[in-house]
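A.B. asks: Have a look; sequence and predicted model below, questions after that.
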Amino acid sequence: MIVLKGVGASDGIAIAHLNIESNNVQACEKRLIKDVELELKRYETAREQAICYTKTLYEKALADWGEKEAEIFKSHEMMLKDKDYCSSIEQIITQENSNAEYAIQETSKQFSKIFSEMSDPYMKSRAIDVMDISTCILNSLFCQDDSKILRQFSNSTLLFKNDFAPSEISSFDKKIVKGILCSEGSTYSHTSILLRVMKIPSVVGIKDKPDDSLNGKLTIIDGSTGEVFIDPDDATLKFFKSKKQEYKSFYADLKSVRGKPSITADGQLIKLYANMNNPDEIEEIIKNDSEGIGLVRSEFIYLGRKSFPTEEEQFKIYKEIIEKMNGKEVIIRTLDIGSDKRADYFELPKECNPALGYRGIRVCLEKSEVFLTQLKAIYRASNYGKVSIMFPMITSIEEVNEIKNHLKTVKEDLKVKNVPFSNDIKIGVMIETPAAVMISEELAKEVDFFSIGTNDLTQYTLAVDRQNSKVNSLFSAHHKAILRMIKMVVKNAHSAGIEVGICGESSSDESLLETFLALGVDKLSMSSHSILKTRKLVLASNVSKIKKNILSNL
Ligand code: PEP
Ligand code: MG
């Protein structure tokens, strides 16, 4: 048995035969051609076919998954029409009298190198998209029609490759492709996002690529732990078969906790809310019986576009979310742009340490027009349900005072214009910097609730970049420093009579649930698919018995 370790990108257990693929786009040796015009025509026809193919993939993804995921293929189409990319290929053909295949491969290498050397992880992961569109043109040149490009496998399989392009993933039949293994890749790539949406168990970043001789061997992957077992022994196989079964029945059983209050066996109530990264998630949020939305990451409105969203555009989006939640609380976090989330039209400066720089509330307080536009849209939408607003990256009381002045302006403006808004909007702050923790006693007197962002709080407290895979193993909300901070924040919140929730990834960490209950956290906000699982654990918990023990260790 060979054991490999990577990073779990999409959870679940898959057991099937291993299929190790070569990552090489068909080798495209340079050939001198006589008729440049003809070669340009060959390339142009292939590029047009690739655009058609990408459009087909867009329609398929739209029907299967929805707008957000299908967007990938819209961006592929744009890349296929990109002037710089196209003229680079044409120039190589004309200036070097070379065949189109070579010109495409060279251009693909150059462009993907440029992307992969960028420091922004989002831009970095665009390298695979360039390779993907280049492969599409090459496949067209090799006279492969669309149906041949779509991957065909006769038996269920686990695919191993350096990395997969989004178009490959989208063409897979889930009944056949049971799991995905990559030696490269990151959880930020479009590929990983699609794998999670398709619920295909996957492990990425596996350092040791298996030898080709292991092709066809029975293999197990555990997408939650990132473990891979090639040619497993009987005991391991038995263990994972039963783990797979447990996993299946566990998720099937979860239906039974729908509609139940999230209350421990000894009577402690905790609210289980959902995080929302884009509006397409609303159906899943409702399906998973979320008690509210604890974090609307409003950045989705600003990213992936060329100009600022108007008040009207934003109002419509918030209103739709709020109405669909039908009276349940929706906590909208104001724009947290900067660091890894960037949009050109903001003209954010290049920074050496963007996570410590111009982001979140700092941007909003400086660009007050942008901030006021968002606040007005939220206030108008508050008329249609139960809305709370919270602010990211707070480090001082002065920031809260400034925010309050803006809120006052917004309210006065709407009143003058006779625009209705709710009089019961709760105002909260995210506790995600060590500074906010240390002044939480004072902050608690200024706001209606706290929401602890353990992702950034862990990054800033432990001095561990949350995007740097090199220090990934040091990133842990289990660290005593973080748990003590949460303890302190809960104490200060409760002394001031306000609620405190957690909305970082740790909120769905099963092994921290009892600690959060013992600390008295009022609300956990998480990815919606973890809500029923967490409720089931809450129902089975008995905190009074273990509380003393947990608290004495912190
Ligand atoms: C956090 O920092 O924990 C958080 C929820 O905010 P984000 O992940 O959007 O930075
Ligand atoms: Mg944060």
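C.D. replies: Received the coordinates, thanks. Ligands and ions are numbered 1, 2, ... in the order given.

A.B. asks: what's the longest strand in the chain?
C.D. replies: strand 13-20 (DSSP state E).

A.B. asks: Buried residues in it, which are they?
C.D. replies: Neighbour counts over strand 13-20 (16 or more other C-beta atoms under 10 Å) mark Ile13, Ala14, Ile15, Ala16, Leu18, Asn19, Ile20 as buried. Where C-beta positions appear, they are placed from N, C-alpha and C, glycine not excepted.

A.B. asks: Export those residues as JSON lines, with columns for distance to ligand 1 and pLDDT.
C.D. replies: Formatted as JSON lines, those follow (distance: C-beta to the nearest ligand atom, whole Å; pLDDT from 0 to 100):
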{"residue": "Ile13", "distance to ligand 1": "27", "pLDDT": "95"}
{"residue": "Ala14", "distance to ligand 1": "28", "pLDDT": "96"}
{"residue": "Ile15", "distance to ligand 1": "33", "pLDDT": "95"}
{"residue": "Ala16", "distance to ligand 1": "34", "pLDDT": "94"}
{"residue": "Leu18", "distance to ligand 1": "35", "pLDDT": "92"}
{"residue": "Asn19", "distance to ligand 1": "35", "pLDDT": "86"}
{"residue": "Ile20", "distance to ligand 1": "35", "pLDDT": "84"}
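
A.B. asks: Throw those residues into JSON lines and include distance to ligand 2, thanks.
C.D. replies: Below are the buried residues of strand 13-20 laid out as JSON lines (distance: C-beta to the ion, whole Å):
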{"residue": "Ile13", "distance to ligand 2": "31"}
{"residue": "Ala14", "distance to ligand 2": "32"}
{"residue": "Ile15", "distance to ligand 2": "37"}
{"residue": "Ala16", "distance to ligand 2": "38"}
{"residue": "Leu18", "distance to ligand 2": "38"}
{"residue": "Asn19", "distance to ligand 2": "39"}
{"residue": "Ile20", "distance to ligand 2": "38"}
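
A.B. asks: what residues does the chain put near ligand 2?
C.D. replies: Residues of the chain lying near ligand 2 by C-beta under 5 Å from the ion: Glu432, Gly453, Asp456.

A.B. asks: Am I right that Ser382 is in contact with Ile322?
C.D. replies: Yes. In this structure, Ser382 is within contact of Ile322 by C-beta atoms under 8 Å, at 7.5 Å.

A.B. asks: quick revisit: so which of the buried residues of strand 13-20 comes closest to Leu512?
C.D. replies: Lowest distance from Leu512 to these (C-beta to C-beta) belongs to Ile13, with 22.8 Å.

A.B. asks: least trustworthy helix or strand in the chain by mean pLDDT?
C.D. replies: helix 146-149 (a mean of 37; mean pLDDT, DSSP states H and E).

A.B. asks: remind me which residues of the stretch 51-200 of the chain are low pLDDT?
C.D. replies: 142-154, 166-167, 170-171, 185-190, 193, 197 (pLDDT under 70).

A.B. asks: Check the chain too.
C.D. replies: In the chain, residues with pLDDT under 70: 22-27, 142-154, 166-167, 170-171, 185-190, 193, 197, 469.

A.B. asks: Break it down into its domains, please.
C.D. replies: What automatic domain parsing lists as the domains of the chain is 2-21+150-236, 36-147, 264-552.

A.B. asks: Could you export these as a markdown table, including distance to Tyr247?
C.D. replies: Formatted as a markdown table, these follow (distance: least, C-beta to C-beta, whole Å):
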| stretch | distance to Tyr247 |
| --- | --- |
| domain 2-21+150-236 | 6 |
| domain 36-147 | 22 |
| domain 264-552 | 11 |
